[in-house]
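K.L.:
Fold the following for me, if possible:
(chains A and B)
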Amino acid sequence: MRVKAKFFGGRHRLLSACLLAVALACSCAGNPEPGRGVYFWKSTFEPCDYELSFLREHRVGLIYMKFFDVTLERDWDRGGELAVVPVATVRFKSPIPEGIEVVPAVYITLDALRYYEGREDELSELITERIFAMCSYNDVPEPKQVQLDCDWTEGTRDSYFRLCECTAQRLMSRGASLSGTVRLHQLSQGRSFPFDFPTLMLYNTGSLRDSSTVNSILQASEVKKYLRRWRKFKYMDFAFPAYSWGVLLRDGRYSGLLHISDFSDTALFAPSAEGRHILLRDTLIDGRLLRRGDVVRFESSDMEQIVLCRQLLDQRLRRASGNNIIYHLDSASLSKFSYDEIESIYSR
Amino acid sequence: MKSKVSILVSILALFAGFRALACGPISYYPAEYIMPRFFSASDTVAVKVSQQTLAQDMKKVLKINGVSTDDISQVLFSYGLEQMASIMSAGPSSNRFVAWIQAGARNDVAGYLLLAKKCEVNRAVRNGKWYYPKKNDPVKGNLMQVRDEAASLALSGGALASRYALQAIRAMISLGEYSQMYSFWQKVQPLVAKGPVRDMCLGYTARADFEAGRQQEAMDYYLSINDFSSVELCLKMQGKKIEDEDMLAFIAANSPDSPCVNLYLQRWFVRKSIQLDYYMDWKERMNAQALDAESVAAILPVIDAALNNPGCRQKAPWYYARALVMDMSGNPAQARASIASAASAKGTPFIKESVKVMQIYLDAKTAEIGKDYEKKLLAGLKWLDEKIETDITPEVREETAAGAWLLNSNFSYYYWNDMMRRIVLGEVCPRMFDSGMSTTALSLANMADNRLLTLVGEQFVYDEETDAESRVSLRKYRNRRGEFNTFDYCNAFFNMADTLATTTQLYDYICSVSKFGSALEKFANERSYLDSDYFSDILATKFLRQGDYRKALEVLQTVPSSYQHRLNTEEYMVCDPFSLYKQKGEKVIDDYKLNFAREMVHCQDIIENPISTPQQKGEAMVRMGCGLRSSVSFAWPLTDYSYGYYKKYYPSPKVAAMRERGGKMIDDGIAMMTDREVKAEWLVRTQRRLSVVKSFRDTRAAAEVLLHCDEYKDYR
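P.N.:
From the prediction side, this is the model:
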C-alpha cells in the first residue's frame, strides 16, 4: 500500500512539474514586454543631457518621481505643537520630457502614520490634493498613477493599508490608480496589497550598518531568503538598483555614507579585501573629516547580482505583467553601466 | 575635626542615600534645583505688536470716541470673513465699533476691514504647511487682488494709508514678491505715520531684505528693535555657527540692556545646569554640576564686556550672571562680591528677586553658623515663604496634589519652594548638623518638606472600586488605611530622623516641638507636619533597631493602636517575629511593634532576674534570639520602613551582626536548658538531629527522628 502511494505520488509530482513548465512557458509567451521606468529621488528636477539621452535611448516611459516626504515635525508657528507636514518637496526647474509619464511618489514616515492613526482618510486627502496641485502648477500632466512608499511594519500595517485604501478611492474618482512599494520583508507580511500596482524594491537588501556586510545594496543570497515560497502576482513592478556609495567604517563601526567611487589615489587609499579601502591619511571627503585608518566599503549595484536576482525572481515569483524600474536617474551612477547592461535590466 | 568631617560625610551620604530608601530612587538631589532665574516662562522677547495696541492705534487714527478697544479688537481679530462683509448690511449690533461704522456710514472703514480680513484668510491658507499653489490658484489670485487694491489705496493717502500699506506688504510677502515689496516700501513710507503699524511694516521690510539676500540690512533693522532671535537667524543664514556665548557677546557689545539678555543668559545657565547623569554618584554629580574652566573662560569675558560697556545701564542681570558663574565654578567669595553688586545695580524687580534668592543661598553656603546667621536666615526664609504663598499657581497646586513625587525627587517645578528646599536641605541642614544644631536642622527639614503640601492642603486619591480619582484633605489622606503615603516615609525629614539623627537628637527635636524654641525653630514648626504619633513611631522604631526594647516599649505605649494602619509597612506585618523561621500568617497582626517590644522586654526581665531557673532563662533567650534575628529579616517592619532585595541579601554590617547575635542567643539559650525533652525539641528545630539521636535518645524528639529519618538508622 505504501509502495503504491509512493509510486502514484511520484508520478503525480512528475506530471505537475510538466504541466507547470508548459503553463509557465505559455504565460511568459503571452506576457507583454515590461514597461520601462526610472526613479527620480532628487530634490530638483533638472535632468542633464546625459540623463535626458538615457531616457530617450532606453525608451523609458515612466518616471517615478518623489514629490515630497510626509513626516512629523514640531510646528513652531503654532507654539511648537506636533504636526504632520510635507517636507523635501521637489522643485521643477525643467519641463517633463515629452512622452514621459510621471508617477508622483510620496514617502511616508512611520511617525506621521502613527500620528494619523484612525484618521487615515484625512491624511490621504492632504496627500492627494497636494500631488494634484503640484502637477497642475508645474505643468505635469495629471497622473494616471500615484505611488506611496512606506517602510511599514507589522504594527503599522493596518493603518498604512487603510491609508492606501482611502487614497486609492480618492484617486479612482480622479481616474488614477494607486501603486505602492513593497520591501522584501513586507512581501511575507501581506497576502495581498491594497494597491493595484505593487513595486518590489530589490535594493538595500543587506544591513548597511553591519561591518561584516559585503554589499548592502543588492545580494542575491539575501533576496533568496525572502523568496522561499513560490508566489504569483497578476501585476508586479520590479525596482532594481543602479547606484553606488561608500560606506564609512570607523573603528569597525558604521559611521556614514560617502559619495565616492574613485579610489585610484594610492597615496590616500590602500585597497583591502572585499571592496574595502583603508585611509592612509586624514582627509576631507563630502565635507567630512576622514581619519587615517578609517575604512571605506565601496558598494555598487553589481550586474552579476542583478542577473542572479532576475533568475531568482523568474523561479519564485511569477508576474503576468509589470514594469522594470531602475533606481535612480542620476548620470554619475548610470554612467557606470553599459548600454547593454541597462537593456538587460529592462528586458523581460 | 575628624568627627566634623565624618559627620559631613555621613550627611552627604544621607542625601546620596535617598535613592535607597523607602519610596525607591530619587532623581535629583536638593543641591541640584535649578537656581538661575533671568526669564519667566510667561515673559516674551518676541517683537510683536499686541492686538490691544493695534486696536488703540485704530481708535486714535480714526478719532473714534465712546468705543472701547475691546469692541474694536473683537471686530479686528474675531470677526470672520462673512461677518466682515456684512457689517454695513447687518442690523444693529451690540458691538459699538460696528455701530459706529454703521452710524457714520463709514464705508471706507468697512471696506478696509473686509480687505484686511481677505488678506488674513488667504495668507493663512497660503502659509499652511500643506499648501501648494495650483494653476489659476484662487488663493494666489485673491492675494494679488488684495495687493493691487491695497497698494493703490495706500498711495492715495488718508487716515487708513498706513494700514493699506501694511496689507499690501503682507500680500506681497505671501506672494514672495520681495523686490516689488522693497520698491513699494520706498514709495509708500513717507505716507506711513510713526506708530505700531509702521513698526510692523518695518519688520516685514527686514524680512524682505533677508529673503532678497540683503542680510546686513535685515540684521541692522532687527538690531534696532532688539530682536536678537531674528539676528541669530540672519547670522546662521550667513553660514555662521552661533553658540549662545556668541550671541551673548554680540548683545553685550551692541545692546547690553536688551530684554534678550535674560533669554540668552537663562538658556546658557539652564543648559549648563542639567548635564547630569542619573547614574553618577553624589560626588560625581556635584562635580558635573560645576562649571568647567572652558565654560567659565567662554562666558566670563562676555559678562565683563557687558559690564564695561558704557551703554549698559541694567547691570543687575550681568552681575547676577557673574555671581552664578563664580558659584558654579567654586568661588563663593567672588560670588558674594558679584551678588552684592547685583543688589545695588539697576535691574528689573524680577531680576532683583532672583538676586535676593541668591544672596540667601550664598549666606547659607558661607556664613558662620550662629545666632546672627539664624536671624538673617529667618528674615530670608520669611520672604521666601511669602513668595511661596503669593505666587502659587493652579498648575503647582495640581502637580503637588497629584502626589509628592516631584517634591521628593527634587524636581525643579516651583521656583520659590525649590529655592527654599535647595537652601535649607542642600546647604543649611548639613551645616547645622555639622555644628551640632540637629534640632534646628530637623525643624527646617520638616518645613522644607511640608510647607507646600500644607499650603495645597489636599491630595488626589484613587478608588479602585469606583475606578475614580478624587481629592481628599491632607489629614484624611494621611489617615486612610491602605493608602500608600507617598511623602511622610521618604522625604528629607524622614531620612534625617530615621537614618542620620541619633535617638537622642530625635528625642530632643520631638520635645522641642512643644516647647518654645528659637524664633527660627518656631517659624519652621509653624510650617511643618507636627504629629506626635508619627514622630514617636520613628523614634520607637529606631530604638527597636538598636535593641533598646525597654525605651521602644515606653514610646510605643504612647502611640495608639490605630496608627499602625497609617504605615505603608502594615501589609507586611504578617509574620510571627518569635518563630524560628518565617511563618507568614494570613492576617495583619495588630500592635505589631508594641507586642514585640513588650515580649522582648518580658524575655529580658526573665533573663536578668536572678531567681529565674536556667530552663526559664534558656527559653527566654531562645525566644529573644528569635525576635532579634527576625526583626532584621522576615519581620523587618519592626525595625525598618522599607525592605528590598538589596537589604535582604546584602545586609549592612550592623544588621549582619544583629542576625548573628540572635543566632548565638538561640544557641546559648538551648545550651542553658535543663529540660531534656524541651531541649531536644529545640535541637531538632535548629536542624541538629544528630546531637539529638546521639545524646538525647531517651526523648520523644529522638524517637520521632529515628522513626522518620533513614539517615540515622544506625542509631536505632
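
K.L.:
How many residues are close by residue A:145?
P.N.:
Look at residue A:145: counted by other Cβ atoms under 10 Å in any protein chain shown, it has 19 neighbours. (Each C-beta comes from the backbone N, C-alpha and C, glycine too.)

K.L.:
Can you tell me the SS state at residue 217?
P.N.:
Since no chain was named, I'll use chain A. Following DSSP: H, G, I helix; E, B strand; the rest coil, the label given to residue A:217 is coil.

K.L.:
Quick check, it in contact with residue A:303.
P.N.:
No: counting by Cβ atoms under 8 Å, residue A:217 does not reach residue A:303; the two are 12.0 Å apart.

K.L.:
which one of the two has more residues nearby?
P.N.:
residue A:217 (23 against 17).

K.L.:
Pull the contacting residues for the more buried one.
P.N.:
A:203, A:204, A:205, A:206, A:241, A:243, A:244, A:245, A:299, A:300, A:301, A:302 (Cβ atoms under 8 Å, 6 or more residues apart in numbering or on different chains).

K.L.:
quick one, what contacts the nearest residue to the fifth one once chain neighbours are set aside?
P.N.:
If you skip the residues right next to it in sequence, residue A:241 has residue A:203 as its closest partner in space, 3.6 Å away by Cβ to Cβ, 6 or more residues apart in numbering or on different chains. Contacts here follow Cβ under 8 Å, 6+ apart; on that basis residue A:203 touches A:217, A:218, A:239, A:240, A:241, A:301, A:327.

K.L.:
any chance of those residues in TSV, with pLDDT and distance to residue B:695 too?
P.N.:
Below are those laid out as TSV (pLDDT from 0 to 100; distance: Cβ to Cβ, whole Å):
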residue	pLDDT	distance to residue B:695
A:217	90	84
A:218	89	84
A:239	94	89
A:240	93	91
A:241	92	88
A:301	87	89
A:327	91	90
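
K.L.:
Among the residues you listed, name the ones in strands.
P.N.:
A:239, A:240, A:241, A:327 (DSSP state E).

K.L.:
Correct me if wrong: the last one contacts residue A:239.
P.N.:
Yes: with contacts counted by Cβ under 8 Å, residue A:327 reaches residue A:239, the gap being 5.5 Å.

K.L.:
who touches both of these two?
P.N.:
Between them, residue A:327 and residue A:239 share the contacting residues A:39, A:201, A:203, judged by Cβ under 8 Å, 6+ apart.

K.L.:
These in strands, which ones?
P.N.:
Judged by DSSP E, the shared contacts of residue A:327 and residue A:239 include A:39, A:201 as members of strands.

K.L.:
What is the nearest of the shared contacts of residue A:327 and residue A:239 to chain B?
P.N.:
For those, the minimum distance to chain B (Cβ to the nearest Cβ) is 21.4 Å, reached by residue A:39.

K.L.:
how about the residues of the stretch 1-150 of chain B near chain A?
P.N.:
B:127, B:129, B:130, B:132, B:133, B:134, B:135, B:137 (Cβ under 8 Å from any Cβ of the partner chain).

K.L.:
leaving aside the residues next to it on the chain, what's closest to residue A:54?
P.N.:
residue A:334 (5.8 Å).

K.L.:
give the contact list for the one you found.
P.N.:
When contacts are counted by Cβ under 8 Å, 6+ apart, residue A:334 touches A:50, A:51, A:54, A:242, A:326, A:342.

K.L.:
Filter these down to the buried ones and hand me the PyMOL line.
P.N.:
Listed next is the PyMOL selection for buried residues among the contacts of residue A:334, using 16 or more other Cβ atoms under 10 Å in any protein chain shown:
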select buried, chain A and resi 51+54+242+326+342
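
K.L.:
Tell me the one of the contacts of residue A:334 nearest residue B:602?
P.N.:
residue A:242 (92.3 Å; Cβ to Cβ).

K.L.:
Read off the pLDDT value for the closest one.
P.N.:
As predicted, residue A:242 sits at a pLDDT of 89.

K.L.:
I figured residue B:427 was touching residue B:367, is that so?
P.N.:
No: using Cβ under 8 Å, residue B:427 is not in contact with residue B:367; the gap is 9.9 Å.

K.L.:
the more surrounded of these two?
P.N.:
Shown here are residue B:427 and residue B:367; by other Cβ under 10 Å, residue B:427 has more neighbours (20 against 17).

K.L.:
what's the neighbour count on the nearest residue to the more buried one once chain neighbours are set aside?
P.N.:
With sequence-adjacent residues excluded and distances taken as Cβ to Cβ, 6+ apart, residue B:427 is closest to residue B:364, at 3.9 Å. Residues near residue B:364, counting by other Cβ under 10 Å, number 23.

K.L.:
Which strand or helix spans residue B:364?
P.N.:
In the assignment (DSSP states H and E), residue B:364 maps to helix B:349-366.

K.L.:
For that helix, enumerate the helices and strands it packs against.
P.N.:
helix B:316-328, helix B:332-344, helix B:371-391, helix B:415-421 (3 or more Cβ pairs under 8 Å, 6 or more residues apart in numbering or on different chains; DSSP states H and E).

K.L.:
where does residue B:499 land in three-state SS?
P.N.:
Applying three-state DSSP: residue B:499 is helix.

K.L.:
So what's the gap between stretch B:225-234 and the chain middle?
P.N.:
Computed by Cα atoms, centre = their mean, to the nearest Å, the separation of stretch B:225-234 from the middle of its chain amounts to 32 Å.

K.L.:
Help me confirm that residue B:252 comes into contact with residue B:306.
P.N.:
Yes: using Cβ under 8 Å, residue B:252 is in contact with residue B:306, at 3.6 Å.

K.L.:
Which secondary structure element comes immediately after the lowest-mean-pLDDT helix or strand in chain B toward the C-terminus?
P.N.:
Least confident helix or strand, chain B: helix B:2-16 with a mean of 37, by mean pLDDT, DSSP states H and E. Next helix or strand after helix B:2-16 toward the C-terminus (DSSP H and E): helix B:51-61.

K.L.:
list the buried ones in that next one?
P.N.:
Those would be B:54, B:55, B:56, B:57, B:58, B:59, B:61, for helix B:51-61 by 16+ other Cβ under 10 Å.

K.L.:
Could you measure from the third one over to chain A?
P.N.:
Read that as residue B:56. According to Cβ to the nearest Cβ, to the nearest Å, residue B:56 stands 26 Å off from chain A.

K.L.:
again with the second one
P.N.:
Relative to chain A, residue B:55 is positioned 23 Å away (criterion: Cβ to the nearest Cβ).

K.L.:
ok so, going back, nearest to residue B:579, out of the contacts of residue A:217: which one, please.
P.N.:
Sorting the contacts of residue A:217 by how near they are to residue B:579, with Cβ to Cβ, puts residue A:206 at the top with 64.3 Å.

K.L.:
what's the nearest residue to that closest one if we skip its chain neighbours?
P.N.:
Nearest non-adjacent residue to residue A:206 (Cβ to Cβ, 6+ apart): residue A:216, at 3.6 Å.

K.L.:
now residue A:160
P.N.:
residue A:152 (4.1 Å).

K.L.:
Next up, the contacts around the one you found.
P.N.:
Here residue A:152 is in contact with A:110, A:113, A:160, A:186 (Cβ under 8 Å, 6+ apart).

K.L.:
who's in contact with residue 174?
P.N.:
By default, I'm working from chain A. A:128, A:132, A:142.

K.L.:
look at chain B instead
P.N.:
Per Cβ under 8 Å, 6+ apart, neighbours of residue B:174: B:122, B:123, B:126, B:127, B:143.

K.L.:
let's see 10 Å
P.N.:
By Cβ atoms under 10 Å, 6 or more residues apart in numbering or on different chains, the contact list for residue B:174 reads B:119, B:122, B:123, B:124, B:125, B:126, B:127, B:139, B:140, B:143, B:146, B:147.

K.L.:
Pull out the buried members of the residues of the stretch 1-150 of chain B next to chain A.
P.N.:
B:130, B:132, B:133, B:134, B:137.

K.L.:
So residue B:563, which state does it fall into?
P.N.:
Using three-state DSSP, the structure places residue B:563 in helix.
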